[in-house]
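Trainee: Output the structure for:
(chains A, B and C)
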Amino acid sequence: MMLETIKTLRDMPQEEYYVPGHRTCAGCGPALVYRLVAKAAGPNTIFVGPTGCMYVANTSYGCGPWAVPWIHAQITNGGGVASGIEAAYKAMMRKGKYTGERPHVIVMAGDGGSTDIGLQALSGMIYRGHDVLFICYDNESYANTGIQTSPTTPWGAVTTFTPSGPAVPEGKRLWPKDNAQMIAHGHPELKYLATASPAFPVDLFNKVRKGLNAEGPAYLHIQAPCPKGWQFPSSKTIEMAKLALDTGMFQLYELENGKYKISYMPKQRKPVDEYLKLQGRFKHLKPEHIEKIQNFVDQKVKAIEIEIAALS
Amino acid sequence: MGKKRLITGVVATAEAVRLADVDVISSYPIRPYTGIMSELARMIADGELDAEFVHAEGEHAQLSVVYGASAAGARTFTGSSGVGVTYAMEVYSPISGERFPVQMAIADRTLDPPGDFGSEHTEAESCRDQCWIQGWAATPQEALDLTLLYYRIGEDPRVLLPQYACQDGYFVSHIAGEVEIPDEGQVKEFLPPYKNKHSLNIYDPMIIGAQIEPEMGPPLQYQRYLAVQEAKKVIAEAYKEFGEIFGRKYSPFVEEYMTDDAEVVIFMQGAHTITAKNVAQKLRNHGEKVGVVQLRTFRPFNTEVVRDVLSKFKVVGVVDNSVNFGIAGDGGVLLSEARTALYGLGDKTKTVGFVGGLGGEVITMEEFYKMYAKLKEIAKTGKVEKNSYWLPYEL
Amino acid sequence: MSLDAKKLFEEPSLIQITTWARGVLQNKDARDVVFALANAGSKEGKYVQAWENYVDLPDRVGVPVRAYARVSEEPILSKYIYENENPDVVVLTEEALVKGNDVLAGMKPGGVLIVNTKRDPQYILKFLKDTTYLGTIGCVDATGVAGYVQTLSGAEGATDASGIGVGAGAVLAGAVVKAKPFVKPESVFSSVKNEQACRYGYNEVHLMTVNTTFPAFVPAPKKQLGVDDLPFAGTVPSVNKENEKRVTGNWRSERPVWSKERCTSCLLCWASCPDAVITYKTPEAMEFNNLKYCKGCGLCAAVCPTKAITMVPELDFED
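Mentor: Numbering: from 1, shown residues only, chains lettered A, B, ... in the order given. Now for the predicted structure:
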């Protein structure tokens, strides 16, 4: 069954499948993303939840906030568990052991479960062509364990594993992985890929539906601001998401049938400092550090634009 | 009735998987179990079996795939050997804890280092606390039968636990022997369709595997404990019915061989029991009162049955085909468990350990002869001078 | 054996201090209170322990979390437990914690409650359900003096690089020892980084006696689940409209209030709420009808283009 895309918030269904009653932070970006994803996917959906914030914070005390089936996976194996569910339904439907509607299978994995310890399972799942939507809700750290650096933590960010001190003034000294680009290249079975942000809920909603409509594996990388890890007030989650896009720290695009499409391009890119200065994780940075980040972002934006120009 | 073929353990296992009409198979190559998967791949290519064959990117992924597939309601099969078995370690407890009765064939292989294709039970035995049903086939026929038995036992609503169906690599997996392959009607009668108490179904949505707090730990673990206790009953029932339907009768927990009036016995599991039995037979011809007790079900370990059997003898020599460095008694896990089973019965039955066949080396008939000689000596002197002997150096 | 096990393991000189706080925002200050008091006890040669509630961690922004100290004249017997079952002192690092949290649960007769608030004790008492065993309540404006210190340092048992007793926690530790002098004030003052703040708490806490006589106290037995109290493998049915096992309205220190006049029905608040607190039948009438779950993050107010939503202190509402 094809899911329709929408034009405005008013077209968004009222029904909730990720319902109130979870232990996620006040103002949690990933929880908001989850709610929008579940809305877009609808009732015929099975969620796979690898260990991470969206496992522990959602299910603590033997319960959970889902109106649809949900199963835990290890942080390592969201892609593998989802592959098994999809393969099971394929086999059971072919053999007449299941006669209902084919369920959507969605993995909701954090950046650790997508870009680090779970990367192998994700790549294997896409390589094999399983009809699964794998979503990385990227809050840019191992947040569930209390904020440790992950491959998507920005250069210069403070986490409990990359503190800033006299010997290491900048905090984190590594540049982040770009998982969407890693997945986009070298997975010929991939049918749809996009990046999304809760700053644009309609766009996010539609990308989830496109990913589910695609016959085969799809990957969404959704930036999900984290008030605890990034150290900003809970009320600023959307502002942070929007600033990430306006400064070029994160870009929105989709890749469909080998063609890239930019989803949002700021008219005038803001300096990264406007984004960094609002977050406690960057408050130790000196001007020369900020300049380094600005250069990195300039390069990254240029690279994406070149890539898109070449493939569009 | 079935037909006889000369086949290896890997083919026998694959035949059983075909007969069980498995829905999802996850593969990854590693010697010596690989042949099971190539055989299944061939069956699918030839239209003999209708199943999803998922080429996992490693053993950890293999187990992850069957976890998901079993949760969705499919009958599943996977397998591995050696370091592949330990690589997947993370996923074993979630599978048994969520009560998904997946089956994994283990064709044993020594753990690294260094690379060694030979069989040792170490890798499979190191999974013994993961709450899976576990036991060893000593012949290709037993490999086929164990596969069917374990689906039946593991999927029983009173059990709902995964199973390691083990066979010694090379000895059982690669040496062809005569196997009677049952027909589909018999298997249908023996093995009902798989149905779990919980599954991933959009018409009956459930939340499986939610995080708990410490106070929920005792009841949750105790549920699994009770399932293991229940499994002992179910194992006995299943073996009985298996004998009635297929005509092959096994003793479900321990199999006695030439133990009538025996003074000393060898207690062990796996392929080398066959050699032990042949040696016992020879010695019997010369009037020696020796026998073999083959452990058929390693997990759950049936303490009472093992105690009742072993306590009949003066001396029990326990052969461990694995390394358990630093273990109490310096033998292996079977020695420790046999002694636990005999606890409280005084000094009537003496026990001594032998560690042999390491790295896949053959346990020769001469070595078994030496073991029996040592047991006879202990029976005579009444003295156990050493807890255990590492073969070939200490005996 | 025929010993009375309950009597055998009594610890009459054991003082239990429990601090409640808002996760992430104030957990450091909660930790500071208990570590300052435990260090003070240690200086005086007493037996001490201090820790954060393990089950409350990892903490989430706003979630009620607890930290504990134990100070005893005798060696502590019950060392490895999760919670202070019977606190002598309860500290709240934020006033709205009195709502929806059973902060006085298990309190010993004559126990002390210290609250970080500008309000007076009389008003706070309104929100406490059962004050049978409460002896003294004390209010002090700790944040007005020192403010909360938000840091990730010190989490999961590691060293807190910012030091002990920098902000509001120092004030509250001072207030505790004024209300219940189980250690000398000087021992506490010298156990915090911000001594001035600590002295302020000691000197300025507004104490009020609540009860002087108490009925006999019988500690509740430890809760134990039976094997059938948990469903098969812990699996539960998916929920329908809400997950009632995890009500989160008690996380809130501020409540969103919607004004129909200013609302332009853009639905941004509705689309921005992680907790699906807001619903609507028509876009012209937004309904904040899931306040039972509202954590008070303020996202709805922040995204509102016309300021139709304002955040109001939770304790201004008596419901």
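Trainee: Tally up the residues packed near the residue of chain B found nearest chain C, please.
Mentor: The minimum distance from chain B to chain C, using Cβ to the nearest Cβ, falls at residue B:205 (3.6 Å). For the C-beta atoms, the positions are set from N, CA and C on the backbone; glycine is no exception. Neighbour count for residue B:205, taken as other Cβ atoms under 10 Å in any protein chain shown: 22.
Trainee: which residues sit in contact with it?
Mentor: Residue B:205 makes contact with A:66-70, C:237-238, according to Cβ atoms under 8 Å, 6 or more residues apart in numbering or on different chains.
Trainee: Relative to residue A:113, which of the residues you listed is nearest.
Mentor: Using Cβ to Cβ, residue A:70 is the member of those that lies nearest residue A:113, at 14.9 Å.
Trainee: Bridge partners for the closest one, pull those for me.
Mentor: residue A:47, residue B:207 (DSSP bridges).
Trainee: The chain: strands as residue ranges?
Mentor: Since no chain was named, I'll use chain A. A:45-50, A:70-73, A:104-109, A:133-138, A:192-196, A:218-223, A:252-256, A:259-264 (DSSP state E).
Trainee: The chain in question should be chain C.
Mentor: If DSSP E is used as the criterion, the strands of chain C fall at C:15-22, C:47-52, C:64-72, C:89-92, C:111-116, C:134-140, C:206-209, C:236-237, C:254-258, C:279-280, C:286-287, C:309-313.
Trainee: Give me the residue ranges of the stretch 151-300 of chain A where confidence is low.
Mentor: The stretch 151-300 of chain A contains no residues with pLDDT under 70.
Trainee: okay, now residue 126: neighbour count?
Mentor: Using chain A. Neighbour count for residue A:126, taken as other Cβ under 10 Å: 25.
Trainee: ah, I was thinking of chain C
Mentor: By other Cβ under 10 Å, neighbour count at residue C:126 equals 10.
Trainee: How many residues are close by the residue nearest to it when sequence neighbours are not counted?
Mentor: Closest residue to residue C:126 apart from its sequence neighbours, by Cβ to Cβ, 6 or more residues apart in numbering or on different chains: residue C:318 at 6.6 Å. Look at residue C:318: counted by other Cβ under 10 Å, it has 8 neighbours.
Trainee: how near is residue C:318 to chain A?
Mentor: According to Cβ to the nearest Cβ, to the nearest Å, residue C:318 and chain A sit 22 Å apart.
Trainee: measure that residue to residue C:103 for me?
Mentor: Here the criterion is Cβ to Cβ, to the nearest Å. By it, residue C:318 lies 17 Å from residue C:103.
Trainee: same question, residue A:169
Mentor: Between residue A:169 and residue C:103 the computed distance is 42 Å (Cβ to Cβ).
Trainee: in the stretch 151-300 of chain B, which ranges drop under the pLDDT threshold?
Mentor: Checking the stretch 151-300 of chain B against pLDDT under 70 turns up nothing.
Trainee: got the residues of it near chain C?
Mentor: Residues of the stretch 151-300 of chain B found near chain C (Cβ under 8 Å from any Cβ of the partner chain) are B:197-198, B:205-210, B:212-216, B:218-220, B:222-223, B:226.
Trainee: count of neighbours near residue C:172?
Mentor: Neighbour count for residue C:172, taken as other Cβ under 10 Å: 33.
Trainee: per-residue confidence at it?
Mentor: Note for residue C:172: predicted pLDDT of 98.
Trainee: ok, it - contacts?
Mentor: C:19, C:29, C:33, C:91, C:93, C:114, C:116, C:140, C:142, C:201.
Trainee: Residue B:3: how many residues sit nearby?
Mentor: That count, for residue B:3 with other Cβ under 10 Å as the rule, works out to 9.
Trainee: check contacts around the residue nearest to it when sequence neighbours are not counted.
Mentor: Excluding the flanking residues, the one nearest residue B:3 by Cβ to Cβ, 6+ apart is residue B:181, at 5.8 Å. Neighbouring residues of residue B:181 by Cβ under 8 Å, 6+ apart: B:2-5, B:12, B:15, B:19, B:144.
Trainee: one more time with 6 Å, if that's ok
Mentor: Taking Cβ atoms under 6 Å, 6 or more residues apart in numbering or on different chains, we find residue B:181 in contact with B:2-3, B:15.
Trainee: so how many other residues sit close to the residue in the stretch 201-350 of chain B positioned nearest to chain A?
Mentor: Nearest to chain A, among the residues of the stretch 201-350 of chain B, is residue B:209, at 3.0 Å (Cβ to the nearest Cβ). Look at residue B:209: counted by other Cβ under 10 Å, it has 25 neighbours.
Trainee: count of neighbours near the nearest residue to it once chain neighbours are set aside?
Mentor: Nearest non-adjacent residue to residue B:209, counting by Cβ to Cβ, 6+ apart: residue A:72, 3.0 Å away. Neighbourhood size, residue A:72 [other Cβ under 10 Å]: 25.
Trainee: wait, doesn't residue A:72 sit right on residue B:210?
Mentor: No - at 7.1 Å, residue A:72 and residue B:210 do not qualify as touching, with contact defined as Cβ atoms under 6 Å.
Trainee: How about the residues of chain A by chain B?
Mentor: A:44, A:46, A:56, A:59-64, A:68-72, A:74, A:77, A:80-81, A:83-85, A:87-92, A:95, A:100, A:103, A:120-121, A:124 (Cβ under 6 Å from any Cβ of the partner chain).
Trainee: hmm, which of these are the buried ones?
Mentor: A:44, A:46, A:56, A:59-64, A:68-72, A:74, A:77, A:80-81, A:83-85, A:87-92, A:103, A:120-121, A:124 (16 or more other Cβ atoms under 10 Å in any protein chain shown).
Trainee: Ramachandran angles for the residue of the stretch 201-350 of chain B closest to chain A?
Mentor: Phi and psi for residue B:209, reported as degrees, to the nearest 10, are phi 90, psi 30.
Trainee: how about it, what does it touch?
Mentor: By Cβ under 6 Å, 6+ apart, the contact list for residue B:209 reads A:71-72, B:98.
Trainee: if we take the contacts of residue B:205, which one ends up nearest to residue B:245?
Mentor: Looking across the contacts of residue B:205 and measuring by Cβ to Cβ, the closest to residue B:245 is residue A:69, at 36.1 Å.
Trainee: the strands in the stretch 101-250 of chain B, which residues?
Mentor: Using DSSP state E, counting those that start in this stretch, the strands of the stretch 101-250 of chain B run over B:103-107, B:133-137, B:163-167, B:177-181, B:206-208.
Trainee: Tell me which of the ones you listed sits nearest to residue C:220.
Mentor: Comparing these under Cβ to Cβ, the one sitting nearest is strand B:206-208, at 30.0 Å.
Trainee: before we move on, the earlier item: please tell me how far the residue nearest to residue B:3 sits from residue B:175.
Mentor: For residue B:181, the distance to residue B:175 - Cβ to Cβ - is 17 Å.
Trainee: if I read this right, residue B:13 contacts residue B:105, doesn't it?
Mentor: Yes - contact status for residue B:13 versus residue B:105: in contact at 5.2 Å, counting by Cβ under 6 Å.
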